[in-house]
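K.L.:
Kindly generate the corresponding structure for this input.
(one chain, ligands or ions: 2)
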Amino acid sequence: MNHPKNESTLVLIKPDGVQRSLIGEIIGRYERVGLKLIAMKMIVVTREFIEEFYTLDPEWKLKTGEKNLKAYKDKGLTNTHNDPIEVASFILEKLKIYYTSGPIVAMVWEGAHAVAVVRKLTGSTEPVMSDVGTIRGDFVLDSYKMADDDLRSIRNLVHASGSVKEAEAEVGHWFSEQEIIKYRHVQEKILYDVNIDGIEE
Ligand code: GDP
Ligand code: MG
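P.N.:
Ligands and ions are numbered 1, 2, ... in the order given. Presented below is the predicted three-dimensional model:
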């Protein structure tokens, strides 16, 4: 059985994260929890690359559209569209503009339950509802309504894979095998080794 410490996930610091000078702050949050950085690059992408990225998961449109409609309903607001696929198609067009507006920092983080831990530290999609203490909750204040009314993507600083399956496909989309560095980090001993006795007799 694969040990949980071998799980990895994709993180992208989106163009607004780079422009807000938050690269170091964001990396520090994933680093200090104990995750290991195993790949990193700064990259400018095309619209086609982003279309492919968000359609890796055939369910993404439905899930994202439904999440948007639920957020409106929960706040007693009405969206001008009510078909989730239509809503997500609009979101995807805006995402292409957002992601191609400047450089992105792409990373792969490895460690126990990496996908869930990174999502927890990142916070929920809509920054105005993200918990205090998360990246999206602490550093940005965007909302579905404001972004939709202004015909743009929600600016939420980072992308983080939503599931282990999503992470596998997404890492493959952004990185070649040669770009992923397998190495042992000294802190893994204290995080994962069964015997941590360091007392000298
Ligand atoms: P994530 O996994 O939390 O990033 O959220 P999704 O996968 O559902 O959506 C991808 C990205 O699209 C989000 O991070 C936002 O930048 C943007 N986005 C998602 N939903 C909406 C929306 O309802 N309206 C707008 N304007 N942008 C959205
Ligand atoms: Mg997502």
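K.L.:
Show me which positions of stretch 55-62 end up buried.
P.N.:
57, 60-61 (16 or more other C-beta atoms under 10 Å). In this view, the C-beta of every residue, glycine as well, is placed from N, C-alpha and C.
K.L.:
now the end-to-end length of that stretch.
P.N.:
Taking C-alpha to C-alpha, to the nearest Å as the measure, stretch 55-62 stretches 11 Å from start to finish.
K.L.:
residues touching the most centrally placed residue in the chain, list them.
P.N.:
The C-alpha lying nearest the average C-alpha coordinate of the chain belongs to Ala160 (C-alpha atoms, centre = their mean; 1.5 Å). Residues near Ala160 by C-beta atoms under 8 Å, 6 or more residues apart in numbering: 9-12, 115, 118-119, 122.
K.L.:
Same list, the residues you listed, but as a markdown table with neighbour count and secondary structure please.
P.N.:
Listed next are the contacts of Ala160 as a markdown table, based on neighbours: other C-beta atoms under 10 Å; DSSP: H, G, I helix; E, B strand; the rest coil:
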| residue | neighbour count | secondary structure |
| --- | --- | --- |
| Thr9 | 28 | strand |
| Leu10 | 26 | strand |
| Val11 | 27 | strand |
| Leu12 | 21 | strand |
| Val115 | 21 | helix |
| Val118 | 26 | helix |
| Arg119 | 17 | helix |
| Thr122 | 22 | helix |
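K.L.:
what does this structure have sitting close to ligand 1?
P.N.:
Residues of the chain lying near ligand 1 by C-beta under 6 Å from any ligand atom: 64, 67-68, 91, 94-95, 125, 144, 147-148, 153-154, 156, 159, 162.
K.L.:
pLDDT weak spots in the chain?
P.N.:
Along the chain, the model assigns pLDDT under 70 to residues 1.
K.L.:
tell me the domain boundaries of it?
P.N.:
Annotated domains of the chain cover 1-44+103-140+156-195, 45-101 [automatic domain parsing].
K.L.:
Tell me, how many residues neighbour Arg29?
P.N.:
By other C-beta atoms under 10 Å, 19 other residues sit near Arg29.
K.L.:
Repeat that for Phe90.
P.N.:
The burial count for Phe90: 16, using other C-beta under 10 Å.
K.L.:
Now name the helix or strand holding it.
P.N.:
Per DSSP states H and E, Phe90 falls inside helix 84-99.
K.L.:
got a list of contacts for that helix?
P.N.:
Identification of contacts with helix 84-99 by C-beta under 8 Å, 6+ apart yields 14-16, 45, 47, 50-51, 54-55, 60-62, 64-66, 68-69, 79, 81, 147, 151-153, 155.
K.L.:
Swap in 7 Å and give it another go.
P.N.:
Helix 84-99 is contacted from outside by 14-15, 45, 47, 50-51, 54, 61-62, 64-66, 68-69, 79, 81, 151-153, using C-beta atoms under 7 Å, 6 or more residues apart in numbering.
K.L.:
Buried ones in that helix, by neighbour count?
P.N.:
Buried residues in helix 84-99 (16+ other C-beta under 10 Å): 84, 87-88, 90-92, 94-96, 98-99.
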